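# Okay, predicted coordinates and the sequence, questions at the end:
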Amino acid sequence: MAQYGTSHGHAGGKMRAMLDNPSVEVAGVYEPNPERRRACEGSEGGYRGVRFYSEAEEMLGDGSIAAVASEGANDESLDQTEQVVAAGKHVWYDKPAGDDWEQGQRVFARARESGLQIQMGYMLRYHPAFKRVSEWARGGMLGQVFSIRAHMSTWLDEPARERISVHAGGIHYDLAGHMLDQVVWILGRPEKVTPFLRNDSSIVPKFCDNTLAVYEFENAMATIDIAAMETRPMARRFEVYGTRGSVIITEPFEPGVSIRLCLDEKREGFEQGEQVVSVEALGRLDLYALELRSFMAAIQGERAPDRSLEHELLVQETLLRGCRRSDGGS
């Protein structure tokens, strides 16, 4: 494996996961920004000792490299991923999949035609609490799911706000995909999306820093609210409500070591009423390691991917629908 880019917020952790996996040989990294490359070659992000390519073609033209971690900044990673797919390599692609919907569809279509896997970097799908909740919701234990509520705010300084402000939707674009990966896995494609994209701090006026999107389904609604000025530590929260039960992951959901489960009657080994279900506590690097193992198993043909290309593309489409200043009818 190799890595294309180092500017994504998860890039250093993804490199660590590859270096720590005994079944992965890290061939090298290509970083197009010379200043960023010099910083990484020194010590930043754990790249010391890793080979840096002088040109992208050194990496893309190497037939021994089966897959590439796409870890460029969010405004460069889709172009880079397209190059990787064109070179016939699988992609471990960090979120989100760019602003250009037409280009994104083209990249995924080419991957499908070429038999290549693109796995998006939504690490919470490997989080024990989120896995348990989605299994309950999809398996019917909660009855008909009619509501999902997600809160995933953060705190960003002015330079970070400036960087993300190039994307429509601002902080919603940057983070909502993590929650949408869960929402569409449980509920499918929303019929209507209504975004509320505000700037309420005035620190970077063009940056949407206080956002909410309502996702409407045939018999359900989901709301995702994300702001960029929440006091640390953030109170991140995920809730699912069904006609026969409900779940709330302990906030903040990282580490999310327990789930409040409420059932209308005794079922599947759980009691009627409220109870707390403990789950394993995993850190971010643990989740990256699980992501990588899943990706490797899929590209080596050991088992089907945990999420299809269609799912990955649906998450991106839904994210972009929630990042447009519109009447929500799209």
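Right, received. Where do you want to start? Residues are numbered from 1 along each chain as shown.

# so what's the one residue sitting closest to the centre of the chain up against?
Computing the C-alpha centroid of the chain and ranking residues by C-alpha atoms, centre = their mean puts Tyr122 first, at 2.7 Å. Counting by C-beta atoms under 8 Å, 6 or more residues apart in numbering, Tyr122 makes contact with Lys95, Gly177, His178, Asp181, Val315. Quick note: C-beta positions are derived from backbone N, CA and C, even for glycine.

# Just flag the most distant two among those.
Using C-beta to C-beta, the contacts of Tyr122 span at most 9.5 Å, a distance reached by His178 and Val315.

# Just the pLDDT for Gly46.
At Gly46, the model reports a pLDDT of 83.

# actually Ala235, sorry about that
For Ala235, the pLDDT comes out at 94.

# That one: neighbour count?
Ala235 has 12 neighbouring residues, counting by other C-beta atoms under 10 Å.

# Can you tell me the SS state at the nearest residue to it once chain neighbours are set aside?
With sequence-adjacent residues excluded and distances taken as C-beta to C-beta, 6 or more residues apart in numbering, Ala235 is closest to Glu251, at 5.0 Å. At Glu251 the chain is in coil, as set by DSSP: H, G, I helix; E, B strand; the rest coil.

# List the contacts of Glu251.
Ala235, Arg236, Arg237.

# mind listing the strands for the protein?
Ranges of strands within the chain are 2-4, 28-30, 67-70, 90-93, 118-120, 145-151, 192-198, 210-216, 221-227, 237-242, 245-249, 258-263, 273-278, based on DSSP state E.

# Kindly export the helix or strand of the chain with the lowest mean pLDDT (C-alpha atoms) in CSV.
Least confident helix or strand of the chain, by mean pLDDT, DSSP states H and E, is helix 34-42 with a mean of 89. As requested, the backbone C-alpha atoms of helix 34-42 are provided in CSV (Å, rounded to 0.1, in the frame of the first residue of the first chain):
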residue,chain,number,x,y,z
PRO,A,34,6.7,20.7,-1.0
GLU,A,35,6.4,22.6,2.3
ARG,A,36,4.0,20.0,3.7
ARG,A,37,6.3,17.2,2.5
ARG,A,38,9.3,18.7,4.3
ALA,A,39,7.3,18.9,7.5
CYS,A,40,6.3,15.3,7.3
GLU,A,41,9.7,14.0,6.4
GLY,A,42,11.0,15.7,9.6
